[in-house]
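J.: kindly generate the corresponding structure for this input.
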Amino acid sequence: MKGIVTEHSEICFICGRQTEAEHHLIFGTAGRELSEKDGLKVPICNNCHNMGEVTRRIHGNPMAEKMSKIIGQLAWERQWILKDAVHDKDGDEEETQALESRIARKEFRSRYGISYL
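T.: Below is the predicted model:
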């Protein structure tokens, strides 16, 4: 599993147990395909994914699903900034970071059709 969120593919992203599945951080009809292409997935055990108690799993738990998408968007934006942003060495670093963040957010919205932040 190639993802941009964690390099530890053998342990559950949530609880640290042995991995049994992968969870696409951005999911839904079109979101899952893009999430796959962009590496927005994490290793996860079945209990934390969709088989455990509703309050302890991602799917079927609205707050956990929202957090999953927020984590995915933040990871995507960070990756975009590290890969594609042009860093202005002569400008104000804080101002440059703010501009890159706004551009990354716009790019995410353009790619996924929504922003979770």
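
J.: in this structure Ser9 contacts Gln18, no?
T.: No - counting by CB atoms under 8 Å, Ser9 does not reach Gln18; the two are 11.1 Å apart. Glycine gets a C-beta too; all of them are placed from N, C-alpha and C.

J.: please identify which of the two sits among more neighbours.
T.: The residue with more neighbours, out of Ser9 and Gln18, is Ser9; 14 against 10, by other CB atoms under 10 Å.

J.: roughly how far does the more buried one sit from Ser101?
T.: For Ser9, the distance to Ser101 equals 28 Å [CB to CB, to the nearest Å].

J.: number of residues surrounding Gly28?
T.: 14.

J.: check it and give its pLDDT.
T.: With respect to pLDDT, Gly28 has a value of 81.

J.: how about Leu82?
T.: We have a pLDDT of 82 for Leu82.
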